[in-house]
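Novice: Okay, predicted coordinates and the sequence, questions at the end:
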Amino acid sequence: MEKELIGNAIKASFFKLDPRVMVKNPIMFIVEIGFALTLLLAFIPSAFGSSEVNVWFNLTVSLILLFTVLFANFAEALAEGRGMAQANSLKNSKKEMTANKLKPNGEIEKTDSASLRKGDIVVVSQGEFIPGDGEIISGLASVDESAITGESAPVIKEAGGDFNSVTGGTKVVSDQIKVRITSEPGESFLDKMISLVEGAQRQKTPNEIALNTVLTSLTLIFMIVVVTLPLFTNYLGFELEIPVLIALLVCLIPTTIGGLLSAIGIAGMDRVTQFNVIAMSGKAVEAAGDINTIILDKTGTITFGNRMASEFIPAGNHAMQDFAQWTAISSLEDETPEGRSVLELLKKKQLSYQTDIAIGGTFIEFKAETRMSGMDLADGSVVRKGAVDAVKKWVISQGGTIPSDLDKKTDEISKAGGTPLAVAMNDQIFGLIYLKDTVKPGMKERFDKLRSMGIKTVMCTGDNPLTAATIAKEAGVDEFIAECKPEDKIEVIKYEQSQGKLVAMTGDGTNDAPALAQADVGLAMNSGTAAAKEAANMVDLDSNPTKIIEVVSIGKQLLMTRGALTTFSIANDIAKYFAIIPAMFMLAIPEMNVLNIMRLDSPISAVLSALIFNAIIIPVLIPLAMKGVSYKPMSSNALLSRNLLIYGLGGVLVPFIGIKGIDVVLAMIL
Ligand SMILES: Nc1ncnc2c1ncn2[C@@H]1O[C@H](COP(=O)(O)OP(=O)(O)OP(=O)(O)O)[C@@H](O)[C@H]1O
Ligand SMILES: [K+]
Ligand SMILES: [Mg+2]
């Protein structure tokens with residue numbers, strides 16, 4: 001695998017020599033032109049007038065320049081290669097298959113999966129592949145998603161709620177589901193993933209463009225200096241040979257970062273992919289590196305999220321039996337995990353209830369807006385369950401009163417970190433359902449880590465303030481917002497952004513979609529709804545909301561690697577002056593030897609040593625560019641001074657040692 005990767009990258013480095021490709025990287029393009037000119041001079045030394053420098057020197061310079069370009073191309077090709085390999089394995093899981101399309105008249109029609117369009121309904125049974133991306137409209141199945149996520153344990157997918165989305169190419173391993181197709185041919189999640197990792201849509205990020213502009217301007221300045229240099233030297237009465245001027249130019253321009261820049265960007269995206277997160281753009285990965293605030297929801301992110309009914313607590317002077325009756329009616333058709341867990345607990349507690357009063361009633365689906373669910377019965381009675389404050393308001397609007405013990409019982413559940421749901425019929429509250437949830441282990445450490453990176457965490461939850469406070473304290477988040485409706489999340493994000501902060505958010509529900517789109521980094525869960533995945537700029541295939549922490553680390557590492565190697569590259573070039581400038585003048589004026597502080601063997605050896613060092617530093621740094629510089633959570637100021645010390649000072653010192661070493665070897669050969 002690695003061998004093949006390297007082999008392909010070597011081949012690609014030669015293909016990339018095509019000037020039409022090279023011109024996209026101006027710094028390396030100049031090196032390539034330098035190669036062509038010195039090659040010409042090797043064969044026709046007097047092409048641009050008389051020349052005294054020997055052919056052998058011209059040829060050597062030309063070869064070193066060729067290798068400089070090849071090394072840079074190799075770095076980029078190697079970074080691209082990893083994505084290609086992954087794209088190929090994804091392509092293998094994208095096969096044509098037959099789909100069981102459900103016609104409006106209820107008949108099943110066998111069609112080609114490629115002909116399925118948005119809105120089509122298909123039936124998928126045990127052992128069959130799901131023919132396209134979609135949402136389950138009825139049924140429940142365990143699905144093997146290993147083709148996409150690499151995770152072999154099947155996951156449960158079901159209609160209703162936030163776990164209804166399925167991906168084309170995954171396999172149903174048990175039961176049968178009806179799926180409504182949500183993507184047009186060629187626009188599926190798998191198609192998008194393939195084109196992303198293949199890099200077909202890879203565009204330079206704004207940061208990269210900005211850095212490129214700076215580097216290109218720097219290059220232009222050096223070009224002007226080098227081109228005008230002969231005017232001065234001619235005035236002083238000596239001539240500089242063209243190959244020497246080219247060597248000087250290549251040593252001065254930032255070839256190291258110029259050669260590694262695109263590899264750093266591609267490798268950063270690739271590291272995110274290795275973490276099983278699909279980033280829609282390099283820009284998103286970079287934004288992750290600059291995040292100041294992370295918005296997390298409580299249920300399913302900070303807690304396990306399987307909010308299960310664990311206790312029934314009647315309120316006022318209502319009997320358990322009456323409470324159970326209305327609890328059951330409110331949950332009969334509630335397909336959310338919370339709703340189903342209510343019916344299961346009733347069964348477990350052997351509480352009986354009548355279902356015939358529900359006949360002819362209209363089910364009221366749970367909505368994050370109302371924070372209630374329930375049923376309007378045929379006889380005009382209305383039944384609701386939901387967040388206590390919402391139900392209280394609703395009961396009061398019906399002209400009812402609140403049982404005196406309700407608040408105390410609510411607080412008890414909330415203080416334990418549970419979610420209380422009140423159950424009401426018409427103007428009366430019958431009691432509370434205790435939904436239990438637990439904070440995931442290790443959350444405190446994760447939030448501590450974020451804090452040390454200088455990132456603030458805000459928990460936004462639809463739950464009541466007391467539950468929110470309990471969970472927030474237990475998990476160690478910095479701030480929390482309770483009784484939060486979907487639009488409130490957007491407000492929080494907008495507010496932070498108005499303070500100049502970059503905001504990241506994770507989410508999985510359809511109601512998270514607008515906030516995911518508003519955030520600078522929106523990380524959707526693969527298990528989540530199609531709307532959430534569409535709105536986000538990253539998708540976590542493992543559906544682990546806390547992975548945002550790793551994504552932020554990778555983003556920071558990407559920015560740091562780019563910064564560190566830029567510093568190193570420019571510091572390097574400064575050090576090279578000391579080798580090459582005295583040497584150049586010594587060629588004409590031997591007395592200039594006093595400037596030869598590095599005590600290099602001869603002017604020719606000095607120029608060649610600097611050039612060789614300039615070339616081989618690129619492959620030497622490839623592993624660092626690909627892996628990223630090591631990153632420990634600390635404040636940005638501490639990071640900056642640490643990096644300046646290592647890469648700035650190191651960048652000045654390393655060339656002295658390297659060039660001197662190469663010079664010693666060359667002196668022996670010459
Ligand atoms: N099936 C349901 N029926 C009635 N009420 C519910 C149901 N599920 C949740 N609730 C209530 O609605 C509130 C909001 O739930 P929702 O899932 O929208 O929260 P959220 O905004 O996603 O934040 P979090 O996931 O952190 O709770 C819950 O705290 C709970 O009180
Ligand atoms: K250089
Ligand atoms: Mg939720």
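Specialist: In hand now; what should we look at? Residues are numbered from 1 along each chain as shown. Ligands and ions are numbered 1, 2, ... in the order given.
Novice: switch to C-alpha atoms for all contacts and neighbour counts from now on
Specialist: Will do.
Novice: List the backbone torsions phi and psi for the residue of the chain positioned farthest from its centre.
Specialist: Largest separation from the mean C-alpha position in the chain: residue 237, at 59.1 Å (CA atoms, centre = their mean). When read as degrees, to the nearest 10, the backbone of residue 237 gives phi 100, psi 20.
Novice: That one: what's it in contact with?
Specialist: By CA atoms under 8 Å, 6 or more residues apart in numbering, no residues touch residue 237.
Novice: could you redo the last one with a cut-off of 10 Å?
Specialist: By CA atoms under 10 Å, 6 or more residues apart in numbering, the contact list for residue 237 reads 230, 231, 588.
Novice: So for it, what's the pLDDT?
Specialist: Looking at residue 237, its pLDDT stands at 77.
Novice: right, and residue 154 touches residue 144 too?
Specialist: Yes: contact criterion CA atoms under 10 Å: residue 154 and residue 144 qualify, at 4.4 Å.
Novice: so what's in contact with these two at the same time?
Specialist: 170, 171, 172, 173, 174.
Novice: Let's see which of those end up in strands.
Specialist: Residues of the shared contacts of residue 154 and residue 144 located in strands (DSSP state E): 171, 172, 173, 174.
Novice: Could you give the number of residues near the first one?
Specialist: Looking back up the chat, that one is residue 171. 24 (other CA atoms under 10 Å).
Novice: and the closest residue to it other than its chain neighbours, how far is that from ligand 2?
Specialist: Nearest residue to residue 171, sequence neighbours excluded (CA to CA, 6 or more residues apart in numbering): residue 129, at 4.2 Å. For residue 129, the distance to ligand 2 equals 54 Å [CA to the ion, to the nearest Å].
Novice: picking that back up, between the contacts of residue 237, which sits nearest residue 211?
Specialist: residue 230 (30.2 Å; CA to CA).
Novice: got the contact list for that closest one?
Specialist: Going by CA under 10 Å, 6+ apart, residue 230 touches 236, 237, 238, 239, 240, 241, 242, 245.
Novice: Now it, what are its backbone angles?
Specialist: Main-chain torsions, residue 230, degrees, to the nearest 10: phi -60, psi -30.
Novice: just curious, which of the contacts of residue 230 is nearest to residue 225?
Specialist: residue 245 (10.2 Å).
Novice: ok, for the closest one, nearest residue in space, not its chain neighbours?
Specialist: Nearest in space to residue 245, with sequence neighbours left out and distances taken as CA to CA, 6+ apart, is residue 226 at 6.5 Å.
Novice: how about the strand or helix carrying that neighbour: buried residues?
Specialist: When elements are assigned from DSSP states H and E, residue 226 belongs to helix 206-236. Neighbour counts over helix 206-236 (16 or more other CA atoms under 10 Å) mark 208, 211, 212, 215, 216, 219, 222, 223, 226, 230 as buried.
Novice: and if you look at stretch 269-278?
Specialist: 269, 270, 271, 272, 273, 276, 277, 278.
Novice: quick one: which two of those are the most distant?
Specialist: Greatest spacing in the buried residues of stretch 269-278, by CA to CA: 269 and 276 (11.0 Å).
Novice: show me what contacts the residue of the stretch 101-250 of the chain at minimum distance from ligand 2?
Specialist: Closest residue of the stretch 101-250 of the chain to ligand 2, CA to the ion: residue 250 (5.3 Å). Applying CA under 10 Å, 6+ apart to residue 250 gives the contacts 27-28, 30-32, 34, 65, 68, 219, 222-223, 244, 573, 610-611, 614-615.
Novice: which of these are buried?
Specialist: 27-28, 30-32, 34, 65, 68, 219, 222-223, 244, 573, 610-611, 614-615.
Novice: For residue 633, which three-state class applies?
Specialist: Under DSSP: H, G, I helix; E, B strand; the rest coil, residue 633 falls in the coil class.
Novice: was I right about it contacting residue 447?
Specialist: No: using CA under 10 Å, residue 633 is not in contact with residue 447, being 11.7 Å away.
Novice: shared neighbours, these two?
Specialist: With CA under 10 Å, 6+ apart as the test, residue 633 and residue 447 both reach residue 453.
Novice: just to revisit the earlier point, ok, is the helix holding residue 226 in contact with ligand 2 or not?
Specialist: No: counting by CA under 5 Å from the ion, ligand 2 is not contacted by helix 206-236; separation bottoms out at 9.6 Å.
Novice: Which SSE is immediately downstream of that helix?
Specialist: Counting by DSSP H and E, what follows helix 206-236 is helix 242-252.
Novice: Report the mean per-residue pLDDT for that following helix.
Specialist: pLDDT averaged over helix 242-252 gives 92.
Novice: Please report the distance of residue 176 from ligand 1.
Specialist: Distance of residue 176 to ligand 1, given as CA to the nearest ligand atom, to the nearest Å: 24 Å.
Novice: How about residue 277?
Specialist: With CA to the nearest ligand atom as the criterion, residue 277 and ligand 1 are 22 Å apart.
Novice: Could you give the bridge partners of that residue?
Specialist: residue 540 (DSSP bridges).
Novice: and the gap between it and ligand 2?
Specialist: 35 Å.
Novice: That residue touches residue 523, doesn't it?
Specialist: Yes: the pair residue 277 and residue 523 passes the contact test of CA under 10 Å, sitting 8.7 Å apart.
Novice: Tell me the residues that contact both of the two, please.
Specialist: Common neighbours of residue 277 and residue 523, counting by CA under 10 Å, 6+ apart, are 538, 539, 540, 543, 544, 547, 548, 551.
Novice: Rebuild the residues you listed as TSV, extending it with secondary structure, pLDDT and distance to ligand 1.
Specialist: Shown next, in TSV, are the shared contacts of residue 277 and residue 523 (DSSP: H, G, I helix; E, B strand; the rest coil; pLDDT from 0 to 100; distance: CA to the nearest ligand atom, whole Å):
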residue	secondary structure	pLDDT	distance to ligand 1
538	strand	93	19
539	strand	92	18
540	strand	91	18
543	coil	83	15
544	coil	84	14
547	helix	88	17
548	helix	88	16
551	helix	92	21
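Novice: Parallel or antiparallel, list what pairs with the lengthiest strand in the chain.
Specialist: With DSSP E setting the assignment, residue counts place strand 134-144 as the longest strand in the chain. When sheet partners are counted by DSSP bridges, strand 134-144 sits next to strand 155-158 (antiparallel), strand 165-166 (antiparallel), strand 171-174 (antiparallel), strand 177-181 (antiparallel).
Novice: For that strand, the averaged confidence score.
Specialist: Per-residue scores along strand 134-144 average to 91.
Novice: Buried subset of the contacts of residue 230, written for ChimeraX?
Specialist: Listed next is the ChimeraX selection for buried residues among the contacts of residue 230, using 16+ other CA under 10 Å:
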select :239,240,241,242,245
